[in-house]
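**Student:** fold the following for me, if possible:
(chains A and B)
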Amino acid sequence: MSATARVVAPLAGGLVTLLALGALSVSVSAGVKSAGQRLAAPQAEKPKVAVADHAEVPYCTPRFKQVLERVLHSCGLSGGDNRRGCKPADVKTFASISDADFNELFTPLKERGGVVLFDTAKDELDAEAKKLLADRWADRKGARYFFVVARASKTGSPEKNRALSHRRANSIMYYLKELSKDPELEKKVGLLWLGNEFAQLSKEYCTWPNSRTGKKCDDESINRSAFVSWVDCRL
Amino acid sequence: MFESKSRIPPAISLVASALGLSFATSSTLDYAAHLDRGLHDLHCSFVPGAGPTEAAEACRTAMYSPYAAFFRDKYWGGIPISLFALGSFTFFAGFALYLLLAGARAPRRAVGFFTVVAITPLLASAVMGTISAVELGSFCKTCVGIYISSFLLALGALLGALGLRRADGDERPRGSWLVPAAFLPALGAVSLVPAAVYASSMPDHRPYLDKCGTLKKEAEAGDALAKITGKRPVKKATFFEDPLCPTCRAFHQRLRAEGVLDRLDVQLALFPLDSECNWMLSSAMHPGACTVSKAVICGKDRTQQLLEWAYDEQEALAKAGKLGTPTLRAVIEKRWGADLVTCIDSTETKQTLNKHLHFAAENAIAVSTPQVFLGKQRVCDEDTDMGLRFTLRHLSPELLP
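**Tutor:** Take a look at the predicted model:
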């Protein structure tokens, strides 16, 4: 047996094994330690990931949100206040806005919402009103709040109309409770009742989707109503 | 002539070992890079030493699988199996070099020993290849590189053994019994060294496990979420998942493979990454995911069955989803019947899915799936794959069998 086979070959094999093992061990150790250093002191910030939230659409202008926020807050729709809805005078004060501007803010919600119409001096919802409400309620998408803005026509005293529009708003709330069985409904639905003192609707609003399509609609009847809509704004 | 022929088998084994070393090194360094809890490109190629690529789904699937590493509950990510390949190929390279240099004068017992031990990587490759085919459903190119190297190594060794038979009567010494007695422990030691070095260098991941936030709102007020209750539930969990999301599927499979799903009481919030129903996206990442999510909701007491069917059929459903809702509905109807499709189309189901999405919004989860909460504790994204078992061991040890 030659010296190569007896001595050189096993030595070379063993040496190569040890050298390779050493080099690989250094490489593995360096790779792991480098990862450890990056873990302890990250050099690059983690890429930002979008966070799930309610919808925010272009009509949520700062002005619109400001009014809605004030209304939400002052009418007890946010925070722990037990009040539901607010008086017409409150809306005017807290919204700090004219009647026309107030109505104008809701114009982008024309197709998203609907106008529930009532009989004179009544607060009962008819079948069409319930259907409109159910349809609009089901089409929530990403909205956080559902607004109900109830009104009364000019006929009668402001006090009576204030109470009437309050009852109309409540009728809607009761129906939504029955419909949705949602235990957190109170946190979602904002009720406003304006009586006949603030932001009356003009006849033009008869063209908005409503519960009595095809029936007579005028300056009086359009205000025997409640406008309802989900509002796609983060407030 | 005989002398040069006798060198061919060890030369094949030497080349095979070098190839195996190259693939095992790539795989090991990729694994090690992920110990920083970041996401990195992988070396996923049949070409040894090829650069890392983004498109390495099969390699990522293999890397995140429970079969990629040992001791995964003791070390974050475990000790990758490629480290043992690294050590053993090093040994085989050295031994093949020895046989190559010794040529026809290499002792018969040395050649015999090499033949026996050089087959073991092929056996391991056969096992891993079967797992890839049966459990993972894909083959990672780097792994296939190791399988091929193992095959060539075994081939070289067997050719060497066949050469022994032909060389009856030659002057090749028999060699001592000490050859296998000494080299077997050496093979074991060399195979273990890289793993020992890796384990001793690892950073401590424990401080990072509970730093990813908590669930703000534990339950959906209207009890709209779906439920998956294991056979022996010991822990409540909340999952936000998209049935057409491959990462969710892989996560679900990992939980099942670990035996963890049986120990969980899961409330499942469907979070389809599809703009048809999910307002948080401007375009559909997984078209059709809203429809499939509704199907899962309609499963009611068969939620898990529906979800797992969606995961099993994910490619077909995703393809159908891209073709449009009618195609997708037809696929669903074929498997689950017309009643389920009627349920999918109902306003009630649409509202239920909407509630799932609002639950996600109220919890301000990341718009990415899956999002996993054990009790209230959010499991970091990076702990839902490689580090899953380690994380469970530390956050909820009762979940591990």
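
**Student:** please make it C-alpha for all contacts and neighbour counts, starting now.
**Tutor:** Will do.

**Student:** what residue lies at the spatial centre of chain A?
**Tutor:** A centroid search over chain A (CA atoms, centre = their mean) returns A:Arg144, at 2.3 Å, as the residue closest to the centre.

**Student:** which helix or strand contains the nearest residue to that one once chain neighbours are set aside?
**Tutor:** Excluding its sequence neighbours, the residue lying closest to A:Arg144 (CA to CA, 6 or more residues apart in numbering or on different chains) is A:His54, at 6.0 Å. Assigned by DSSP states H and E, A:His54 falls within no helix or strand.

**Student:** now do the one 10 residues further on
**Tutor:** Remark: A:Phe64 resides in helix A:62-74, with elements defined by DSSP H and E.

**Student:** got the contact list for the residue of the stretch 201-350 of chain B found nearest chain A?
**Tutor:** Closest to chain A within the stretch 201-350 of chain B is B:Pro203: 5.1 Å, counting by CA to the nearest CA. B:Pro203 makes contact with A:Val32, A:Lys33, A:Gly36, B:Leu35, according to CA atoms under 8 Å, 6 or more residues apart in numbering or on different chains.

**Student:** cool, A:Ser180 as well?
**Tutor:** Contacts of A:Ser180 (CA under 8 Å, 6+ apart): none.

**Student:** relative to A:Leu18, how far out is it?
**Tutor:** 74 Å (CA to CA, to the nearest Å).

**Student:** mind checking the SS state of A:Phe146?
**Tutor:** The three-state label given to A:Phe146 by DSSP: H, G, I helix; E, B strand; the rest coil is strand.

**Student:** what's near enough to touch it?
**Tutor:** Counting by CA under 8 Å, 6+ apart, A:Phe146 has contacts A:Lys188, A:Val189, A:Gly190, A:Val228, A:Ser229, A:Trp230, A:Val231.

**Student:** now the helices for the stretch 301-401 of chain B?
**Tutor:** Here the stretch 301-401 of chain B has its helices, by DSSP state H, counting those that start in this stretch, at B:303-312, B:314-323, B:325-336, B:338-345, B:347-362, B:388-395.

**Student:** the first one vs helix B:325-336, what angle?
**Tutor:** Pointing back at helix B:303-312 there. Per axes from the mean of the first three to the mean of the last three CA atoms, to 10 degrees, the angle that helix B:303-312 makes with helix B:325-336 is 120 degrees.

**Student:** repeat for the second one
**Tutor:** Taking the same axes, to 10 degrees, one finds that helix B:314-323 is oriented at 150 degrees with respect to helix B:325-336.

**Student:** which parts of helix B:314-323 are buried?
**Tutor:** Residues B:Gln314, B:Leu317, B:Ala318, B:Ala320, B:Gly321 are the ones in helix B:314-323 that count as buried (16 or more other CA atoms under 10 Å in any protein chain shown).

**Student:** over to the longest one?
**Tutor:** When burial is assessed from 16+ other CA under 10 Å, helix B:347-362 yields the following buried residues: B:349-362.

**Student:** check stretch B:47-64 too.
**Tutor:** Buried positions in stretch B:47-64, judged by neighbour count with 16+ other CA under 10 Å: B:Pro48, B:Ala56, B:Glu57, B:Ala58, B:Cys59, B:Arg60, B:Thr61, B:Ala62, B:Met63, B:Tyr64.

**Student:** do that stretch and chain A meet at all?
**Tutor:** No. Stretch B:47-64 stays clear of chain A (CA under 8 Å from any CA of the partner chain), getting no nearer than 14.8 Å.

**Student:** tell me how far the ends of that stretch are from each other?
**Tutor:** This stretch, stretch B:47-64, spans 22 Å end to end (CA to CA).

**Student:** over to stretch B:50-62?
**Tutor:** Chord length of stretch B:50-62, first to last residue, is 18 Å (CA to CA).

**Student:** now swap in stretch B:173-180 and tell me
**Tutor:** End-to-end distance (CA to CA), stretch B:173-180: 15 Å.

**Student:** return the item of the contacts of A:Phe146 having minimum pLDDT.
**Tutor:** Lowest pLDDT within the contacts of A:Phe146 is found at A:Gly190 (84).

**Student:** what pLDDT does the residue nearest to A:Glu111 when sequence neighbours are not counted get?
**Tutor:** Spatial nearest neighbour of A:Glu111, excluding adjacent residues (CA to CA, 6+ apart): A:Pro209 at 7.0 Å. Looking at A:Pro209, its pLDDT stands at 93.

**Student:** could you do the one 3 residues further on as well?
**Tutor:** pLDDT, the model's per-residue confidence, is 93 for A:Arg212.

**Student:** which of the contacts of B:Pro203 fall within helices?
**Tutor:** Of the contacts of B:Pro203, the ones assigned to helices by DSSP state H are A:Val32, A:Lys33, A:Gly36.

**Student:** of these, grab the buried ones for PyMOL.
**Tutor:** Here is the PyMOL command that selects the buried residues among these (16+ other CA under 10 Å):
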select buried, chain A and resi 32+33+36
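
**Student:** quick one: the helix or strand harbouring B:Leu29 to chain centroid distance?
**Tutor:** Using DSSP H and E, B:Leu29 sits in helix B:8-33. How far helix B:8-33 lies from its chain's middle: 20 Å, per CA atoms, centre = their mean, to the nearest Å.

**Student:** and chain A, is it touching that?
**Tutor:** Yes. Helix B:8-33 reaches chain A (CA under 8 Å from any CA) through B:Thr25, B:Thr28, B:Leu29, B:Ala32, B:Ala33.

**Student:** circling back to that earlier point, dump the helices of the stretch 301-401 of chain B into TSV; add distance to chain A and mean pLDDT as well.
**Tutor:** As requested, those are exported to TSV (distance: least, CA to the nearest CA, whole Å; pLDDT from 0 to 100):
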stretch	distance to chain A	mean pLDDT
helix B:303-312	22	96
helix B:314-323	21	96
helix B:325-336	19	96
helix B:338-345	13	96
helix B:347-362	4	96
helix B:388-395	16	95
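
**Student:** skipping its backbone neighbours, what lies nearest B:His205 in space?
**Tutor:** Nearest one to B:His205, counting by CA to CA, 6+ apart, is B:Trp76 at 6.6 Å.

**Student:** for the one you found, give me its contacts.
**Tutor:** B:Trp76 neighbours (CA under 8 Å, 6+ apart): B:Leu35, B:His205, B:Met386, B:Gly387, B:Arg389, B:Phe390, B:Thr391.

**Student:** with A:Glu124 instead?
**Tutor:** Residues near A:Glu124 by CA under 8 Å, 6+ apart: A:Phe118, A:Arg168, A:Ser171.

**Student:** now with 6 Å, please.
**Tutor:** By CA atoms under 6 Å, 6 or more residues apart in numbering or on different chains, no residues touch A:Glu124.

**Student:** need the strands for the chain, in chain order.
**Tutor:** I'll assume chain A. Using DSSP state E, the strands found in chain A span residues A:114-117, A:145-150, A:189-193, A:225-231.

**Student:** you answered for a different chain; I wanted chain B.
**Tutor:** Assigned by DSSP E, chain B shows strands spanning B:69-70, B:79-80, B:226-229, B:235-241, B:264-270, B:371-374, B:377-379.

**Student:** which residues of chain A lie near chain B?
**Tutor:** Within chain A, the positions near chain B by CA under 6 Å from any CA of the partner chain are A:5, A:9-10, A:13-14, A:16-17, A:25, A:29, A:31-32, A:35-36, A:38-39, A:50-54, A:142, A:182.

**Student:** buried subset of the residues you listed, written for ChimeraX?
**Tutor:** Of the residues of chain A next to chain B, the buried ones can be selected in ChimeraX as follows, counting by 16+ other CA under 10 Å:
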select /A:5,9,10,13,14,16,17,25,29,31,32,35,36,38,39,52,53,54,142
